[in-house]
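Colleague: Got a predicted structure plus its sequence, pasted below:
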Amino acid sequence: MMDDKSQRVVVIGGVALGAGAAAKVRREDERAEIIMLERGPYISFANCGLPYYLSGVIEDRNELLLHTPESLKKRFNIDVRVLQEVTAIDRDKKTVQVKNLNTNEFYAQPYDKLVLAMGADPIIPPIPGIDLNGIFQLRTVPDVDAIKNWMGAPTVRRAVVIGAGFIGLETVENLVEAGLKVTLVEKAPQILPPFDTEITSPALNELRKLGVEVILGDGVQSFQGETQALAVCLESGRILDADMFIIGIGVRPNTQLAKTAGLEVAPNGALRLNEFLQTSDPDIYSGGDMAEIPHLVDGEKRWIPLAGPANKQGRVIGLNIAGKKTKFRGAQGTSIVRIGDIAIGLTGLSERTAKQLGIHCFVSYNTAGHHAGYYPGAQDLTLKLVFEQGTGRLLGGQAVGKEGVDKRIDVLATAIYNGMTVSELAELDLAYAPPFAAAKDPIIMAGMAAENLLRGDATSVSHTTELQVPEVALLDVRDDDEVADGMLLGAKHIPLDQLRQRVHELDASKNWVVYCRSGHRSYFATRFLRGQGFKQVYNLNGGYVVHQMHTSAMEPLPLTAEARG
């Protein structure tokens, strides 16, 4: 029985948001009656770990189950009921109608506070053949069980993964690890659509190294087969034969129950919340994949369906139900994924998104070793910064490389959260020892390069910049051994250390675009040439490394096409 001061908290759904909110309520209020209702058989599982069970990287299936009804009852005294589907919310009576999927009986469950934690549903397009056997999605433990069981058949050797987002790429990597021949299909013109295209090219190359056929810019039209899918027909007309198909083209907020109950929903289908994570009904809370939240860069509310924000929102909901009045500031979409030996991370706004929002921004690149170059094993790490013109406020960052990506993305995420400028980024006091970083960490170098642009010490052009001036000429200041791997079309080669002696070979009346491997030495060259009276000198942003990224991503290179000097 509840006493007069206790309250009944009903949580619909589990995983990060639901289980987190329920556990926090209990830690704050020992007297509360807490009931969790879950439509499926599992209340709390590591959905981000599901792809790694397919390959055997995670060997024990039970490791995916973070909590069971029994463990939540024992530790937190939470009444967990699985296979219970909530079919309606009566806000006036403060009850939810529940269908017991074991017995098909209905009952009304009263609540004082209600938490909606049903997450998102996978997008399954209504195309012919979509219901055939052998077509899967990967969102839940039953999903991964079905895929694992299907993969166990000796005839299953080829797979098609549709969708090149985070889960799609992790699925591809683990199917390859499991010995399958994999084809990846993505309707967008690039993998990982939230990233800027050029940053994804090392990951794209890594997929091809793994033997994955990648088909971009092509969607699914239909599946072929009688009872089992045997092939997928693409919009281009191409037909791909395979033994199994996994669809991962995205998710949408699971808000139909909330809409029917009259709760306010944004045009994108996500629930609208206030700063305390209350819906339009103050006794009903939500978050995670169901709701929109403020984006920390511009304050606009967006749908950010990621596990990290959902976990934090669960804690905030628990505090607020307990009367603590805690605000949730928002999130900035910090993400990371690994493909083979390549890691790629993102935080804040991409260049593409910033420009779509009408934000006037600069972009800078920096490529450097993830630790001191003289210490064995240094790997290239490329950072891209997006920052506001005028203020220099950091808007977004992306990183790609084999090592050190997670560390740098987390530093950039912290900087964005605190509203730092690129100048402040260059002043950070970061840990240094040869096995971990250079004395000037890649973050520091990236901040300095961005600061040079901000102050006007460097004028840069990128692959997307068509220089509207006559007589454009390219100058390559790399060393002799570097140019053996290739040069930009029409470039003149003078190594940086010979430039002082050979500057007379250059026509000062031309407009020079200077490049090196990463943009660092070419910055020195542009400063020197300006000091020698050259009026129009530009640094190629990101140097040859980023140029190659753009080339691999198959974007147009107008600057290269113009350069003939």
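Modeller: Looks like it came in fine. Numbers count the residues shown, from 1 in each chain.
Colleague: in the stretch 351-500 of the chain, which spans are helices?
Modeller: Using DSSP state H, counting those that start in this stretch, the helices of the stretch 351-500 of the chain run over 351-356, 405-417, 422-426, 442-455, 480-483, 499-502.
Colleague: okay if I get the ones you listed as TSV plus distance to I130, mean pLDDT and mean neighbour count?
Modeller: C-betas here are computed from N, CA, C, even on glycine. Below are these laid out as TSV (distance: least, CB to CB, whole Å; pLDDT from 0 to 100; neighbours: other CB atoms under 10 Å):
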stretch	distance to I130	mean pLDDT	mean neighbour count
helix 351-356	31	96	18
helix 405-417	36	97	21
helix 422-426	47	96	21
helix 442-455	45	92	23
helix 480-483	51	93	12
helix 499-502	61	97	12
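Colleague: Which among the ones you listed is found nearest to A22?
Modeller: Closest to A22 of the helices of the stretch 351-500 of the chain is helix 405-417 (CB to CB; 27.1 Å).
Colleague: tilt between the closest one and helix 442-455?
Modeller: 40 degrees (axes from the mean of the first three to the mean of the last three CA atoms, to 10 degrees).
Colleague: For the residue positioned nearest the centre of the chain, which non-adjacent residue is closest in space?
Modeller: Closest residue to the average C-alpha location of the chain: S335 at 3.8 Å, with CA atoms, centre = their mean. Once flanking residues are discounted, S335 sits nearest to L346: 5.1 Å by CB to CB, 6 or more residues apart in numbering.
Colleague: sec struct for that neighbour, please.
Modeller: The three-state label given to L346 by DSSP: H, G, I helix; E, B strand; the rest coil is strand.
Colleague: who does it bridge with?
Modeller: L346 has these beta-bridge partners by DSSP bridges: S335, Q398.
Colleague: so it touches D410, yeah?
Modeller: No - using CB atoms under 8 Å, L346 makes no contact with D410, being 11.9 Å away.
Colleague: Could you name every residue contacting both of those two?
Modeller: Here L346 and D410 share the contacting residues T334, scored by CB atoms under 8 Å, 6 or more residues apart in numbering.
Colleague: circling back: any chance of a markdown table for the helices of the stretch 351-500 of the chain, columns distance to V316?
Modeller: Converted to a markdown table, the helices of the stretch 351-500 of the chain look like this (distance: least, CB to CB, whole Å):
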| stretch | distance to V316 |
| --- | --- |
| helix 351-356 | 26 |
| helix 405-417 | 16 |
| helix 422-426 | 28 |
| helix 442-455 | 29 |
| helix 480-483 | 52 |
| helix 499-502 | 57 |
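Colleague: Now do F276 against V220, distance only.
Modeller: Here the criterion is CB to CB, to the nearest Å. By it, F276 lies 41 Å from V220.
Colleague: Look at the two and report which has more neighbours.
Modeller: Comparing F276 with V220 by other CB atoms under 10 Å, the one with more neighbours is V220, at 22 against 17.
Colleague: Return the set of residues that bridge with that one.
Modeller: Bridge pairing for V220 - DSSP bridges - gives L234.
Colleague: dump the residue contacts of it.
Modeller: Shown in contact with V220 (CB under 8 Å, 6+ apart): P125, I127, I162, V185, K187, V232, C233, L234, E235.
Colleague: residues making contact with the one helix or strand the fourth one maps to?
Modeller: Counting by DSSP states H and E, the element that carries V185 is strand 181-186. The set of residues external to strand 181-186 that reach it, using CB under 8 Å, 6+ apart, is 157-164, 168-169, 172, 175-176, 191, 193, 207, 211-220, 232, 234, 240, 242.
Colleague: So among these, which ones count as buried?
Modeller: Buried members of the contacts of strand 181-186, counted by 16 or more other CB atoms under 10 Å: 158-164, 168-169, 172, 175-176, 191, 193, 207, 212, 214-216, 218-220, 232, 234, 240, 242.
Colleague: In strands only, show me the residues you listed.
Modeller: Within these, residues falling in strands by DSSP state E are R158, A159, V160, V161, I162, V214, I215, L216, V220, V232, L234, L240.
Colleague: Let's see the pLDDT reported for the third one.
Modeller: pLDDT recorded at V160 is 98.
Colleague: and the nearest residue to it once chain neighbours are set aside, what does it touch?
Modeller: Of all residues not flanking V160 in the chain, A242 sits nearest, at 4.5 Å (CB to CB, 6+ apart). When contacts are counted by CB under 8 Å, 6+ apart, A242 is found next to R158, A159, V160, T183, A229, L230, A231, V232.
Colleague: For A242, give me phi and psi.
Modeller: Per-residue torsions, A242: phi -160, psi 170 (degrees, to the nearest 10).
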